[in-house]
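Student: would you be able to build a 3D model of this:
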Amino acid sequence: MSEKDVWFARRFPVGNPRNALAPVSREGWIVAWVFVGAMVLAALIFIYLTYREQFATGLILFIVISMAAGIFFVVVASKRSDLTRTLEDYKQTGSGKST
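Tutor: Numbers count the residues shown, from 1 in each chain. Reported below is the predicted structural model:
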């Protein structure tokens, strides 16, 4: 995978038990914000339907939207990740940024 295809990189060095990823390109940030937006939308739908006394429907929609957003985020992050270099490596070299 070329550096232009990398959207996420490791936050901690290889060997560290934490496997967190962080965005290193514009596309990575877009994916992260789409996930956050989907979660906010799911919460707003849940709140709206709860006030209309449709708690079960709101809960089901919240779960479905949350799971879809989570699966989307995990799949994209796993396919577009550099698991050998860290976020700091990308900050030092300035690569990973899309033009």
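Student: which parts of the helix or strand of the chain with the lowest mean pLDDT are buried?
Tutor: When each helix and strand of the chain is scored by mean pLDDT, DSSP states H and E, helix 87-93 comes last, with a mean of 85. Buried residues in helix 87-93, counted by 16 or more other Cβ atoms under 10 Å: 87, 89, 90. Glycine gets a C-beta too; all of them are placed from N, C-alpha and C.
Student: with stretch 73-88 instead?
Tutor: Neighbour-count burial for stretch 73-88 [16+ other Cβ under 10 Å]: 73, 76, 77, 80, 81, 82, 85, 86, 87.
Student: tell me which of those residues fall in helices.
Tutor: Counted as lying in helices by DSSP state H, out of the buried residues of stretch 73-88, are 73, 76, 77, 87.
Student: closest one of those residues to residue 36?
Tutor: Residue 36 lies nearest to residue 73 out of these, by Cβ to Cβ, at 9.5 Å.
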